[in-house]
Every structure is written in structure tokens, then in C-alpha cells.
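A.B. asks: Need the 3D shape of this:
(one chain, ligands or ions: 2)
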Amino acid sequence: MSKTALVTGITGQDGSYLAELLLSKDYVVHGVVRRASTFNTCRIDHLYRDPHDPEARLFLHYGDLTDASRIACLLERVKPDEVYNLAAQSHVRVSFDEPEFTANTTALGTTRLLEAIRMTGLPCRYYQASSSEMFGATPPPQHELTPFHPRSPYGVAKVYAYWITRNYREAYGLYAVNGILFNHESPRRGPTFVTRKVAAAAARIKAGVQDTLYLGNLDARRDWGYAAEYVEAMWLMLQQAAPDDYVVATGTSHSVQDFVECCFAHVDLDWRDHVRFDERYLRPAEVDDLVGDASKAARVLGWEPTVHAPELARLMTDAELEALRHGDPGTLSAVPAPARHQPAPH
Ligand code: NAP
Ligand code: G4F
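C.D. replies: Numbers count the residues shown, from 1 in each chain. Ligands and ions are numbered 1, 2, ... in the order given. This is a model prediction of the structure:
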């Protein structure tokens, strides 16, 4: 009997890789998609088959984490064995502009989903997408017992979501886990996160369709891993005998400037000729240094990363060059920057 999974945030970076992984393991996958006036399924279109096709194993449903009755209804209908809650307003800088929406989706959305599981009484296992952003100002290395000191409305919302997940585990005996994932990136990363923004710019400048890249703080340090590897850890967490919380990270640290240097050097450019500072990309409070200690995940789950930041920078830049060559409409970096009217800097 194949298992059934319900994935919120399936249209996002991680949702797309997780859907691929689960389908490869013969799961039936149900994804929750927000209704938008434009298509937002480009990351999973390659996985989709018409639901009339007897081979179809991926099914999409409209839903939103701000809509409790819809979530309960979907759970009742799908009756999943595993629930992966990846949906969030996930952009740290945007969370300063939209703190209330961020709390509603990222924090309260988690409660809505957990409460729906509790009320329906389904014996499903629950994965919560927790974040290294919760550690914030606490110095590295950060592990499962490191105190939280969030530095953004997003980080605060994720701390709430972390604790409500633990609370439902302790209070109601739910099989509920927190995956505390450090930054993970890929060619499918949202275009306003720094790694994708930099990789796209390096490729576009090389191709002669862009000249300058504006960035904020180049000194911040992050533990950047490869998203395609991190979804494996999510799945492993739900296959254990008992629920627990795990840090997922590479254990290596690089500055934003290091990442910029890698991307530009990969296309034989000197980043200093093209990168300019713009204070609009600074945050009201910054997270200076994140480096994860994932030894528990290695010991218990047998999970270990193989891709580190320099290789990640190269593979992301290569993907952008390839997309430019093919004029791939699926990647925003192929669209001339002025055509993308962004309401605020990120
Ligand atoms: P992402 O690309 O921004 O995807 C977020 C997903 O959430 C999208 O599918 C988005 O839908 C959906 N979503 C947003 N608001 C929603 C709402 N109100 N109701 C339902 N769905 C909603 O993020 P990601 O990088 O894949 O990350 C996945 C999860 O891991 C997030 O919870 C994030 O906070 C967390 N996390 C990420 C990292 C990282 O480095 N990537 C690290 C730690 C934790 P649309 O496509 O319609 O926008
Ligand atoms: O790529 P970022 O926006 O990622 P950030 O803030 O670390 O958050 C990501 O990782 C978290 C895990 O720790 C996730 F929970 C969260 O959902 C998200 O996926 O920024 C990385 C660093 C920051 O220090 C930022 O100040 O890059 C710096 N930065 C410098 N210039 C910039 C820019 N960030 C962005 N987005 N855009 C810039 O122009």
C-alpha cells in the first residue's frame, strides 16, 4: 500500500523537491495551492498529470493556511499518513513590512493545521518547517538545544510555530516534529533571496543583459546547503519510531560576499566591477552568523549533506546561464528586470 502525503507550500522551492522525492517513493501526493490570478505552479508543472490519468499520483487542491475550515476539510478528504507543513510567508525582509500577515500565515497557520489534525483525530505524522532564523542573535554553532533569539517578525513567527508543534506533541501525543533547517538554496529558490539574486545577476551580467547588482549587507554569514538534499531529511524525520526535533545544516559558514565572489568568478567576472551597495536591502535587525551543528541528524537519521556553498554557487549560476540560453519562461531571471514591478526592495 502506498502512503499518502499532504504538502502545504507545494508550489515553493522545498515543496517541489519534496513532491519529487515522495513521488519517487511511490507516495500519493496531495498539494495545497493558493489561488492567485497568475499561475504559481511552475515549480511542479513537470510533475503534474491530468487527474483523469490512472497513473496520476499528484493532486492539487486550492487552500490557504489562513482558512481553518478549508484545512480541516482537506484533511478529512485526503486522510494523509503524513502532513508536511512547508507553507509560510518565508521572506525575512518582507516580514518587517508585513508582520501581521507573516504571523497569521507562518505562526497561526501552523496552529490551524495542528488543530485540524487534532480535531479530525487522524493518526497522521506532522512535519513543521522550522528555521535557523529562530536562533537569530545567538552565536554559532547552533544545535537543537541552543536558545532562540529571533531578530525578525518571521523569526518570531517561526519560534511560535516551533513551540506549538512541540506543545501538540506533548499535550495530545501527536507525532509532530520540527525540522530546524538552515538556509538551503537551489535553482528553484525564490528570485529575491540573496543566493538566487546573485546567481541570476552574475549570469545576466555575463550575458550582457544587466550591468549592476544592488545588494545590502555583504558581511552576514550563512550555512548554505542544497534544497534537494534537505527534503530527504524532512522525510527521514517522519520515518522514525518516535517524534523528535532535528537541526539540518552543512556545518560550514560563508559570507554573502563569499557567495558573490564564487558566482562572479565562475563566469570570469570581478564582482567589484558590478556590485553596488543599496541601503534599502538592509534589515531593521540582522542575523549575523548562522552555522548549524547537524550531528544529531547524522547520528539518528543517517543524513549528511554533500553540497556546500561554493559548489551551490556554481550550480545555481550554471542553471541561470542555461535558462538564459533557452529563454526559459519558468525562471524569472530570464525576464528583463525592469519588467518585474516589485513593490518594495528585498
Ligand atoms: P518558499 O519558496 O517561499 O515557499 C513557500 C510556500 O508557501 C509557497 O508554496 C507559497 O505559495 C506558500 N504559502 C505562502 N503563504 C501561504 C498561505 N497563506 N497559505 C498557503 N500557502 C502559502 O519557501 P521555501 O524556501 O520552499 O521554504 C519552505 C518552508 O521552509 C517555509 O516554511 C520556510 O519558511 C521554511 N524554511 C526555509 C528555509 C530555506 O532556506 N529555504 C530554511 C528554513 C525554513 P505561493 O507559491 O503561492 O507563494
Ligand atoms: O537570502 P536571504 O533573504 O535569506 P535569510 O534572511 O537568511 O532567510 C532565509 O533563510 C532562513 C533560514 O535561516 C529561512 F528561514 C527563511 O525563510 C529564508 O529562506 O538573506 C541572506 C542574507 C541576509 O543577511 C541579508 O541581509 O543576505 C543578506 N543580503 C544582502 N543583500 C540580502 C541582500 N538578502 C536579500 N534577500 N537581498 C539582498 O539584496
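
A.B. asks: Name the nearest residue to whichever residue of the stretch 151-300 of the chain sits closest to ligand 2, sequence neighbours excluded.
C.D. replies: The nearest approach of the stretch 151-300 of the chain to ligand 2 comes at A220, 3.1 Å away (C-beta to the nearest ligand atom). For every residue, glycine as well, the C-beta is placed using N, CA and C. Distance criterion C-beta to C-beta, 6 or more residues apart in numbering; nearest residue to A220, sequence neighbours excluded, is V256 at 5.4 Å.

A.B. asks: count of residues packed around that neighbour?
C.D. replies: 19 (other C-beta atoms under 10 Å).

A.B. asks: That one contacts L213, doesn't it?
C.D. replies: No - with contacts counted by C-beta atoms under 8 Å, V256 stays clear of L213, the gap being 11.5 Å.

A.B. asks: Find the residues that touch each one of these two.
C.D. replies: By C-beta atoms under 8 Å, 6 or more residues apart in numbering, V256 and L213 have these common neighbours: V198.

A.B. asks: Tell me the residues on the stretch 51-200 of the chain that lie near ligand 1, please.
C.D. replies: Within the stretch 51-200 of the chain, the positions near ligand 1 by C-beta under 6 Å from any ligand atom are 64-66, 86-90, 105, 109, 129, 131, 181, 183-184, 190.

A.B. asks: Where does pLDDT dip in the stretch 101-250 of the chain?
C.D. replies: Low-confidence segments of the stretch 101-250 of the chain (pLDDT under 70): none present.

A.B. asks: residue boundaries of the strands in it?
C.D. replies: Assigned by DSSP state E, counting those that start in this stretch, the stretch 101-250 of the chain shows strands spanning 125-131, 175-181, 184-185, 213-215, 221-222, 225-226, 246-248.

A.B. asks: and the fourth one, which strands flank it?
C.D. replies: Using DSSP bridges, the neighbouring strands of strand 213-215 in the sheet come out as strand 275-277 (parallel).

A.B. asks: Can you name the element that comes right after the partner strand?
C.D. replies: Next along the chain after strand 275-277, taking DSSP states H and E as the criterion, comes helix 295-296.

A.B. asks: Show me how far that following helix is from its chain's centre.
C.D. replies: 21 Å (C-alpha atoms, centre = their mean, to the nearest Å).

A.B. asks: for T165, what are its contacts?
C.D. replies: T110, L114, Y126, Q128, S130, A176, V177, N178.

A.B. asks: Name the residues of stretch 218-234 that are buried.
C.D. replies: 218, 220-234 (16 or more other C-beta atoms under 10 Å).
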